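Q: One predicted model, sequence on top.
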Amino acid sequence: MVEPIINIESLVRNFRLGNQEIKVLKEISFSIQKNEYVALMGPSGSGKSTLMNLLGCLDTPTFGKYVLNNQDVSKLSDDELAQIRNKEIGFVFQTFNLLPRATALDNVALPLIYAGLPKDKRIERAMQVLTEVGLSDRVMHKPNELSGGQRQRVAVARALVNSPSIILADEPTGNLDSTTSNEIMGLFDAIHKAGNTIIVVTHEEDIAKHAHRIIRLMDGNIESDELNTEITSFK
């Protein structure tokens, strides 16, 4: 039996508010297989942002277990979590999170510095992924010289550069118009077809429809976990 790339068991995340303890995630469990394309959905207060932070190793659970690529990351230290994030997870954010004074090439190569790659290898790999996302002619441009869609493509390239286990995208089209949003989601479709595991956190049904599986959260619980019947190519 193939081990899932993500396995979550009875995950709980509580936060203290004064003397009160707020249970944001209430013993949720699910697994994600390699090369799945999953959308996490839910209204404000549903717990999806908290879950995203846990999946991205930006936070640790109060109780429960989170196994990522055969490693239990539930109880790791901050430094250990940082290493896992750099190695296993490619992030794509709504606000792009690019360094404004750095070129597209330097922004994409940045994670490789932390990975310890020599400069020539960093440039080679960054050029490769920028070409894959259609920006081979924009590598020396800075973010303010790029359109919103191009900036998000740079962010996607940066997420791919370390060949991570999962791509975690938080409202990746939130700052884009509808035409550009479709282009970016088309890019995610291509990335998925190339063999990557993708998790998209969104509140937009049109964006979630690109995923092959949709997990809906409500009040800290999983309300539903269903395959997207509109996509027939799911394996």
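A: Cool, got the structure. Residues are numbered from 1 along each chain as shown.

Q: Only C-alpha atoms from now on, for both contacts and neighbour counts.
A: Fine.

Q: And the pLDDT at the nearest residue to Ser10 once chain neighbours are set aside?
A: Of all residues not flanking Ser10 in the chain, Glu27 sits nearest, at 3.9 Å (Cα to Cα, 6 or more residues apart in numbering). On the pLDDT scale, Glu27 is placed at 94.

Q: what's the answer for the one 4 residues further on, then?
A: Confidence at Ser31, expressed as pLDDT, is 97.

Q: what's near enough to touch it?
A: Neighbouring residues of Ser31 by Cα atoms under 8 Å, 6 or more residues apart in numbering: 4-8.

Q: Could you check how far it is from Pro4?
A: 6 Å (Cα to Cα, to the nearest Å).

Q: sorry, back to before: what's the closest of the contacts of Ser31 to Lys121?
A: Taking Cα to Cα as the measure, Lys121 sits nearest to Ile5 out of those, at 27.6 Å.

Q: in which helix or strand would I find the most centrally placed residue in the chain?
A: A centroid search over the chain (Cα atoms, centre = their mean) returns Leu168, at 0.6 Å, as the residue closest to the centre. Per DSSP states H and E: Leu168 is located in strand 166-170.

Q: What residues sit buried inside the helix or strand harbouring Thr180?
A: Using DSSP H and E, Thr180 sits within helix 178-193. For helix 178-193, burial by neighbour count (16 or more other Cα atoms under 10 Å) applies to 180-182, 184-185, 187-189, 191-192.

Q: pLDDT and distance to Thr95 for those - can I get that in JSON lines?
A: Output for the buried residues of helix 178-193, formatted as JSON lines (pLDDT from 0 to 100; distance: Cα to Cα, whole Å):
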{"residue": "Thr180", "pLDDT": "93", "distance to Thr95": "14"}
{"residue": "Ser181", "pLDDT": "93", "distance to Thr95": "13"}
{"residue": "Asn182", "pLDDT": "92", "distance to Thr95": "17"}
{"residue": "Ile184", "pLDDT": "94", "distance to Thr95": "14"}
{"residue": "Met185", "pLDDT": "94", "distance to Thr95": "16"}
{"residue": "Leu187", "pLDDT": "94", "distance to Thr95": "17"}
{"residue": "Phe188", "pLDDT": "95", "distance to Thr95": "17"}
{"residue": "Asp189", "pLDDT": "94", "distance to Thr95": "21"}
{"residue": "Ile191", "pLDDT": "93", "distance to Thr95": "20"}
{"residue": "His192", "pLDDT": "94", "distance to Thr95": "22"}
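
Q: looking at it, the residue nearest to Ser10 is touching Asn14, isn't it?
A: No - with contact defined as Cα atoms under 8 Å, Glu27 and Asn14 do not form a contacting pair (10.7 Å).

Q: Have a look at the two and say which one is more surrounded.
A: Glu27 (18 against 15; other Cα atoms under 10 Å).

Q: Run through the residues that contact that one.
A: By Cα under 8 Å, 6+ apart, the residues touching Glu27 are 9-12, 64, 221.

Q: what do you get for Ala208?
A: Here Ala208 is in contact with 39-41, 200, 202, 214 (Cα under 8 Å, 6+ apart).
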